[in-house]
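Colleague: build me a model from this:
(one chain, ligands or ions: 1)
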Amino acid sequence: MVGRSAVVSVDACSTERRTRAYLDRVATVTSAPVRQLVNTHHHGDHTFGNSFFTGATIIGHERCRSELLAAGLPADLGIWEPVDWGALELAPPTVTFSDRIRVWSDDSPIDVVYVGGPAHTTNDCVVWLPESEVLFCGDLLFNGGTPFLLMGSLTGAISVLTTKVALIPARVIVPGHGLPCDHELVETTLGYLRFVLDAAARGRDAGLTPLETALETDLGDYAGWLDPERLVGNLHRAYADLAGEGQPRDVDVPGALRDMVAFNGGRALSCYA
Ligand SMILES: [Zn+2]
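Modeller: Residues are numbered from 1 along each chain as shown. Model (predicted):
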């Protein structure tokens, strides 16, 4: 959001090069500096570039700060293709909130709202511009890419999308990845999440591991989305979501990521950083 003397940015990028390119692009629109940077959640592709927003106040949910500090800077786990990160410095939010916070761009309000969950992560927020009816959804939505729930919850995401996001009267929705869209993507995403939960229930009942279930699952129309191997990580999380009372709900995240590589025929996961 470009104001008279300041810009509010929703999220940073993942690498130095990409974040600098983004800031260069902002500079073609206005000479005003970015004074406020809102993080929709803690994932590095939305926060690693925070430190390049010199002089900006970084705003995020309280668990966005704690999870980013716990995760730290990217490590080469051999899971993803190599990335030229640049000179990253961890810069977590310095203004945090637990429920919602209102940021101002000149006289226009911008509401940053924690949606509950876990959904995509434990700290997902939407950014709502009531005057222009534009909604930034972070990674609650991917347009053209496969949703990724490994660090959140499928059942939680379904709840958040149906009881929160679907009810916001947005004219334009900006997803965490992909082109701006409208509410149709909410329904499309819900269809995928329910599809994965159904596959998980069938696989679990048949005694299959998440990877075995993924290999037996026909993605149909969803196969054309980017990163279809996320099905494996999503199934790991879906198994945990479906676990009965007293059953472990933790997911072995590194193990799930290795299963995604295995599903990929041993190829490292693509990274568009
Ligand atoms: Zn994310």
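Colleague: contact residues of the stretch 101-250 of the chain facing the ion?
Modeller: For the stretch 101-250 of the chain, the contact set with the ion under CB under 5 Å from the ion comprises D139. Glycine gets a C-beta too; all of them are placed from N, C-alpha and C.
Colleague: in the stretch 101-250 of the chain, where is pLDDT below threshold?
Modeller: 248 (pLDDT under 70).
Colleague: show me the helices in the stretch 101-250 of the chain, by range?
Modeller: All helices of the stretch 101-250 of the chain, identified by DSSP state H, counting those that start in this stretch, fall at 154-163, 184-205, 210-216, 230-242.
Colleague: what's in contact with the last one?
Modeller: The contact list for helix 230-242, computed with CB atoms under 8 Å, 6 or more residues apart in numbering, reads 146-156, 196-197, 199-201, 203-204, 210-211, 213-214, 217, 219, 222, 248-252, 255-257, 259-260, 262-263.
Colleague: do the first one as well
Modeller: By CB under 8 Å, 6+ apart, the surrounding residues in contact with helix 154-163 are 115-120, 124, 140, 147, 149, 186, 189-190, 193-194, 196-197, 200, 234, 237-238, 241.
Colleague: any idea how far stretch 71-80 is from the chain center?
Modeller: 17 Å (CA atoms, centre = their mean, to the nearest Å).
Colleague: going forward, begin numbering at 744 instead of 1
Modeller: Okay, residue one is now 744; in that scheme the one you just asked about reads as stretch 814-823.
Colleague: which of the contacts of helix 897-906 are buried?
Modeller: Neighbour-count burial (16 or more other CB atoms under 10 Å) is assigned, among the contacts of helix 897-906, to 858, 860-863, 867, 883, 890, 892, 929, 932-933, 936, 939-940, 943, 977, 980-981, 984.
Colleague: what's the strand ranked longest in the chain packed up against?
Modeller: When the chain is parsed with DSSP state E, its longest strand is strand 877-885. Applying 3 or more CB pairs under 8 Å, 6 or more residues apart in numbering; DSSP states H and E, one finds that strand 877-885 contacts strand 868-872, helix 897-906, strand 915-920, helix 927-948.
Colleague: nearest to L820, of the ones you listed?
Modeller: Smallest distance to L820 across those (CB to CB): 21.0 Å, for strand 915-920.
Colleague: so how far is S809 from the residue nearest the centre of the chain?
Modeller: For the chain, the residue nearest the mean C-alpha position is D882 (2.8 Å; CA atoms, centre = their mean). Using CB to CB, to the nearest Å, D882 is found at 18 Å from S809.
Colleague: go on, L962?
Modeller: In terms of CB to CB, L962 sits 35 Å off from S809.
Colleague: got it, and I911?
Modeller: 27 Å.
Colleague: in stretch 871-879, which residues are buried?
Modeller: W871, L872, V877, L878, F879.
Colleague: what's the end-to-end length of stretch 868-888?
Modeller: From its first residue to its last, stretch 868-888 covers 19 Å (CA to CA, to the nearest Å).
Colleague: equivalent analysis for stretch 956-975, please.
Modeller: 8 Å.
Colleague: so how far is D842 from the residue nearest to H784 when sequence neighbours are not counted?
Modeller: Of all residues beyond its chain neighbours, the one nearest H784 is T864 (4.7 Å), with distances taken as CB to CB, 6 or more residues apart in numbering. Counting by CB to CB, the gap between T864 and D842 amounts to 17 Å.
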